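S.K.: here is a sequence together with a model predicted from it:
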Amino acid sequence: MQFTLADIASALGTEVLGRGDIVLSGAAEPTDAGPDQIALAMDPKYAEGIKDGQARVALLWDGADWESLGLEGAVCLKRGKTAMPLITKALDPGMGVAPGVHPSAVIDPSAEIGEGAKIAPLVVIGAGVKIGANATIGAHVSIGYGTQIGDDVTLHPGARIAHGCTIGDRFTLQSNAVIGGDGFSFVTLDKESAVEKMRGDMADGDDAGAVEGSAHWARVHSLGGVEIGDDVEVGATSTIDRGTIRATKIGSGTKIDCQVQVGHNAIVGEHVMMCGNVGVSGSAKVGNRVVLGGKVGVSDNIFIGDDVIAGGGTNIYTNVPAGRAVLGSPAVKIETEMAIRRELRRLPRLAQTLRDLQKTVSKLTDKG
Amino acid sequence: MQFTLADIASALGTEVLGRGDIVLSGAAEPTDAGPDQIALAMDPKYAEGIKDGQARVALLWDGADWESLGLEGAVCLKRGKTAMPLITKALDPGMGVAPGVHPSAVIDPSAEIGEGAKIAPLVVIGAGVKIGANATIGAHVSIGYGTQIGDDVTLHPGARIAHGCTIGDRFTLQSNAVIGGDGFSFVTLDKESAVEKMRGDMADGDDAGAVEGSAHWARVHSLGGVEIGDDVEVGATSTIDRGTIRATKIGSGTKIDCQVQVGHNAIVGEHVMMCGNVGVSGSAKVGNRVVLGGKVGVSDNIFIGDDVIAGGGTNIYTNVPAGRAVLGSPAVKIETEMAIRRELRRLPRLAQTLRDLQKTVSKLTDKG
Amino acid sequence: MQFTLADIASALGTEVLGRGDIVLSGAAEPTDAGPDQIALAMDPKYAEGIKDGQARVALLWDGADWESLGLEGAVCLKRGKTAMPLITKALDPGMGVAPGVHPSAVIDPSAEIGEGAKIAPLVVIGAGVKIGANATIGAHVSIGYGTQIGDDVTLHPGARIAHGCTIGDRFTLQSNAVIGGDGFSFVTLDKESAVEKMRGDMADGDDAGAVEGSAHWARVHSLGGVEIGDDVEVGATSTIDRGTIRATKIGSGTKIDCQVQVGHNAIVGEHVMMCGNVGVSGSAKVGNRVVLGGKVGVSDNIFIGDDVIAGGGTNIYTNVPAGRAVLGSPAVKIETEMAIRRELRRLPRLAQTLRDLQKTVSKLTDKG
């Protein structure tokens, strides 16, 4: 990949200071940059780094004195961080799939694939699949029959989309992720399972001890698919199970990290962010703009309101009202959890204080 | 897929009320159902939904007045929930692999595959593999040499079974799951590792601070395979590692959700249920009919007795006797954990109460 | 695979007692061993097991009386456990890929592959890839353009290495693991996200309640690759994301289990051990010789010093100094956490004691 500073300035809609014509091959952090790389230094703290590195051109903070930094050319940006999407998109060479369909791909004749597709070797696409324009599909991807996918999607090597799913535009699916696996749904036919019985007992106010129950699990097949909106991204090896009767749903703009599990029948809203290792159990509802930090767990059949934020490692067992920030296991308001954590560290001392106080009071009562 | 209400009634061993001959193409929730879909409404709470939807036929609760719901035909069921396995099995069109072996599959000539197999494109099957009758094998599945698999198995796209594994009948392996990866087993050759030394110190009653130790990990290869019983299901991207000398074992009837890890040498009993994101460490033993909720962790070399239930997010560090229901990190009896959680929320207040009480007592002793 | 006891003794650099010429086909635990298997019994506790089994030869503890155990031949070892890497390596038949390149593999003509390669069916290798000598590459592996890999690597079926990564010698990548997926990096362009705003408020000492913010996530593309040292192993379905501008780094000798996520820009030191289900967030730094137990979580942008040990289930939210052993959520020193856990179990009783004491004191003050 080759480009010039002028190309970058044009992509960012701003002007070049100094030379815009030096041919570049990539970007780097200021100290690591070679003479053919643009240094990304959108904060004054990187000034020294630029001098240490070999960059001839750089992206700089607003008002930077680029000439005194020893540069031959620069682009200055008002809000450096917010330029990152545009800069990195302009510089991303992509995964390198050649235009057209590789002859080793196995594509059912009834599949309809839009213009501009780049389909890598050994892809398998089933009967009746419809894919929009400009799809980039990596090696070893498989797509099951009847699935419909929008425009401008990127499916990385080994990603799986099962049959009967519906997916919007600009979908990004990372390697070895799985959309539309069967839901984890089993019932016992002979009598209640031990878990059902225990939940029933607890709801009745009885003790929560283990109980006898059936464990002869009969499989409920998953007839629903998965429906995914526009601008969704799903990380490497993440899994979104298909629904039982209706589809599992992921709203537009939602971003899902690696190693995440979303169970069958879950309904996830728009613009949600789920970080790594999150698990959302079956039939849970997650509102719009919810943020779930790393390793958050959400129990089945509960409701997380709009704009909820859950810190890393939180286990959510019960409904959370809209707008709440929660933390801990079980999840409580973040300020409550912070107070609990402060006292927890002091708990051994607190217990000792109580024992001492008991003795003191005991002496007082003896006296009295 | 096309069927009639009479077909469903026949599959369920029950009778049709009204018209059984309407041709249907699928099932749906009552409000979503179109005129060619059967509404699944096995509870009176769905009565309104049927009226809102367009279904002409439905599965209903026992004794339902189907005609007043505006339906043309119905099947009434005594225990709706327990009918779900049969209903959904009857309606599941499956993953759509054509009968026979796709010409792009790479199958070693010494592999023996039973009658009725459906093998998708680009499957790889190694030398000496034996597979029973009626296997359905999705795209990009690989099976290592010498592995033996029973009848009526379903392996979804991208699933991996390594060499030297033994698997029973009716096995279901979801996409990108891995059976028989190498165990995570390393020893230090020069001296004890820091973890071994720390565990030794703690067993001796010494402090548990960090200690110096070797970190030059030498790999122990995994010579054992994985042995899996009948009627087992393993979810998408889950991993079951092979044993060191003998096989890692999964008992018959056990169901494992997505994103689950079972370590090398683990022995998992029959009819166990492991929900999403569970991790069972190496050489752990898990009894029969155990239920591990989402994100449960089980330490290495410990024993979980029969019929244990562990709630979501529980970390099990030590043996759990049979029949116990546990929760929390570390795992304790569920009723103990519920009591702890109640008090934890009040802990900041409790600490304040104690501090106040200390002052009061201090004044009393001053007086006295 | 066929070998003799003399072959094993030669691999271990030690002498044969009795017959070294019996032809063997594998190894087994003492009670399971058949007449053509070597029993692994490096501890006197296995003496009975040998008599119960059918082994004719065995690996025994130092000074064992092999003849009285009914064996025909034996090798005695001073430190049995430390012999396991050598023994198991000698006995490991590997994954059975034939020498050379399978004709179904799709390898770009510009890729350079060293001598002694074994490349399985349906592998895809991109343009400009360089792989050293003696690579073993399983079915359905894909390697993106420009990636460079050292000598003696083993890549299991379905493993993915993206474009632009650099990997050292003796790398082992288990099935369906993913190296170089895109980082989970998004910014909001219109205004701060709710999470950024909340973190800012908390840093300012304000309440940590949920706040309004943007959730219109714009994708930051990942231009950096992944750099991995020598002697690294990564488990099945684990994921290591590529960096934003510079590479995500994994130091030499580091071992990573299954279901582990390492986020973009993370820098992981040498000889680190990460057990199953660990999650290391983006831009975290993990020192040398760190051990992270199962399910440990590490927050983004924090620093874990050298030689830190974190017990299973620990959530690390803030920097940890070198040499510390931590446990719990949030992570604290292991001895602190053990003390907290002891008191936690007694917390309900402690709370009751306090309430009782309050009443006692109340009576005393009433009296006074």
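M.R.: Cool, got the structure. Numbers count the residues shown, from 1 in each chain, chains lettered A, B, ... in the order given.

S.K.: from here on, contacts and neighbour counts on C-alpha atoms
M.R.: Will do.

S.K.: check contacts around the spatially most central residue of chain A.
M.R.: In chain A, the residue lying closest to the centroid (C-alpha atoms, centre = their mean) is A:I256, at 2.0 Å. By C-alpha atoms under 8 Å, 6 or more residues apart in numbering or on different chains, the residues touching A:I256 are A:V232, A:E233, A:V234, A:G235, A:S238, A:M273, A:M274, A:C275, A:G276.

S.K.: would you map the helices across the stretch 251-368 of chain A?
M.R.: Counting by DSSP state H, counting those that start in this stretch, the segments of the stretch 251-368 of chain A that form helices are A:334-345, A:347-367.

S.K.: could you report the pLDDT at the closest residue to chain B within the stretch 151-300 of chain A?
M.R.: Closest contact between the stretch 151-300 of chain A and chain B, by C-alpha to the nearest C-alpha, is at A:V220 (4.3 Å). What the model reports for A:V220 is a pLDDT of 95.

S.K.: which strand or helix spans the spatially closest residue to A:E15 that is not a sequence neighbour?
M.R.: Closest residue to A:E15 apart from its sequence neighbours, by C-alpha to C-alpha, 6 or more residues apart in numbering or on different chains: A:A9 at 5.7 Å. Using DSSP states H and E, A:A9 maps to helix A:5-12.

S.K.: please list all residues in contact with the residue in chain A that chain C sits nearest to.
M.R.: Nearest to chain C, among the residues of chain A, is A:P85, at 4.4 Å (C-alpha to the nearest C-alpha). By C-alpha under 8 Å, 6+ apart, A:P85 lies in contact with C:F186, C:V187, C:A218, C:R219, C:V220, C:H221.

S.K.: also A:G80?
M.R.: Contacts of A:G80 (C-alpha under 8 Å, 6+ apart): A:M42, A:D43, A:L60, A:W61.

S.K.: with A:H102 instead?
M.R.: Counted by C-alpha under 8 Å, 6+ apart, A:H102 has contacts A:I119, A:A120, A:P121, A:L122.

S.K.: do you know the pLDDT at it?
M.R.: 98.

S.K.: stretch A:324-340 and chain B, are they touching?
M.R.: Yes - using C-alpha under 8 Å from any C-alpha of the partner chain, stretch A:324-340 reaches chain B at A:S329, A:P330, A:T336, A:A339, A:I340.

S.K.: so which of those wins on neighbours?
M.R.: A:I340 (22 neighbours; other C-alpha atoms under 10 Å in any protein chain shown).

S.K.: quick one: it and B:R345 touch, right?
M.R.: Yes - contact criterion C-alpha atoms under 8 Å: A:I340 and B:R345 qualify, at 6.9 Å.

S.K.: ok so, going back, nearest residue to the residue of the stretch 151-300 of chain A closest to chain B other than its sequence neighbours?
M.R.: The shortest distance from A:V220 to any non-neighbouring residue, by C-alpha to C-alpha, 6+ apart, is to B:P85 (4.3 Å).

S.K.: next, the angle helix B:5-12 makes with the host helix or strand of the one you found.
M.R.: B:P85 is part of helix B:80-91 when elements are defined by DSSP H and E. Orientation of helix B:80-91 against helix B:5-12 (axes from the mean of the first three to the mean of the last three C-alpha atoms, to 10 degrees) gives an angle of 110 degrees.

S.K.: next one: helix B:80-91 to chain centre, how far?
M.R.: Taking C-alpha atoms, centre = their mean, to the nearest Å, one finds the center of helix B:80-91 at 19 Å from the center of the full chain.

S.K.: quick one: buried residues of that helix?
M.R.: B:G80, B:K81, B:T82, B:A83, B:M84, B:P85, B:L86, B:I87, B:T88, B:K89, B:L91 (16 or more other C-alpha atoms under 10 Å in any protein chain shown).

S.K.: once you drop chain neighbours, what's closest to the last one?
M.R.: Computed as C-alpha to C-alpha, 6+ apart, the closest residue to B:L91 that is not its neighbour in sequence is B:G26, at 6.9 Å.

S.K.: hmm, B:P35 and the one you found touching each other?
M.R.: No - B:G26 is beyond contact range of B:P35, at 10.1 Å (criterion: C-alpha under 8 Å).

S.K.: the two - which one has more neighbours?
M.R.: Neighbour count, other C-alpha under 10 Å: between B:G26 and B:P35, B:G26 has more, with 21 against 15.

S.K.: how about stretch A:87-96 as CSV, C-alpha atoms only?
M.R.: Presented in CSV, the C-alpha positions along stretch A:87-96 are these (Å, rounded to 0.1, in the frame of the first residue of the first chain):
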residue,chain,number,x,y,z
ILE,A,87,-7.2,7.9,9.5
THR,A,88,-7.1,4.2,10.2
LYS,A,89,-9.8,3.5,7.7
ALA,A,90,-7.8,5.3,5.0
LEU,A,91,-4.6,3.4,6.0
ASP,A,92,-6.2,0.0,6.4
PRO,A,93,-5.0,-2.3,3.6
GLY,A,94,-7.7,-4.8,4.5
MET,A,95,-7.4,-8.6,4.5
GLY,A,96,-6.3,-8.9,1.0
